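>>> Here's a sequence, model it:
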Amino acid sequence: MFEYDIHRLRSAELVRRADEARLAREVVRARRAARRDARRAAAGAESHTSPFRRHRFARAA
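Predicted structure coming up:
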């Protein structure tokens, strides 16, 4: 019976560690996504025109 209790405790500990590791990966992934979104928002706010946008009138010679 003692060995079974040790097995259950060990199993529960492994599950807890796996949950903590999973949560840590999710946090890292969320932080990366937030930084990526912030960079996109900052880049979009800085440039008002697309580099491929054509001008309304042709240049004068």
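>>> Please, which helix or strand holds Ala58?
Per DSSP states H and E, Ala58 falls between elements, in no helix or strand.
>>> what does Glu3 give?
Assigned by DSSP H and E, Glu3 belongs to helix 2-46.
>>> from the chain's centre, how far out does that helix sit?
Between the centre of helix 2-46 and the centre of its chain there are 11 Å (C-alpha atoms, centre = their mean, to the nearest Å).
>>> can you list contacts of stretch 18-32?
Outside stretch 18-32, no residue is within contact range by C-beta atoms under 8 Å, 6 or more residues apart in numbering. Where you see a C-beta, it was placed from the backbone N, CA and C, and this is true even at glycine.
>>> Would you mind checking the average pLDDT for it?
In this model, stretch 18-32 carries a mean pLDDT of 98.
>>> Restricting to C-alpha, output it in PDB.
Provided in PDB are the C-alpha atoms of stretch 18-32 (Å, rounded to 0.1, in the frame of the first residue of the first chain):
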ATOM      1  CA  ALA A  18       3.400  19.700 -16.500                       C
ATOM      2  CA  ASP A  19       0.600  22.200 -15.800                       C
ATOM      3  CA  GLU A  20       3.200  24.800 -14.600                       C
ATOM      4  CA  ALA A  21       5.300  24.200 -17.700                       C
ATOM      5  CA  ARG A  22       2.300  24.500 -20.000                       C
ATOM      6  CA  LEU A  23       1.200  27.800 -18.300                       C
ATOM      7  CA  ALA A  24       4.700  29.200 -18.600                       C
ATOM      8  CA  ARG A  25       4.700  28.400 -22.400                       C
ATOM      9  CA  GLU A  26       1.400  30.100 -22.800                       C
ATOM     10  CA  VAL A  27       2.600  33.200 -21.000                       C
ATOM     11  CA  VAL A  28       5.700  33.400 -23.200                       C
ATOM     12  CA  ARG A  29       3.500  32.900 -26.300                       C
ATOM     13  CA  ALA A  30       1.100  35.600 -25.200                       C
ATOM     14  CA  ARG A  31       3.900  38.100 -24.500                       C
ATOM     15  CA  ARG A  32       5.400  37.400 -27.900                       C
END
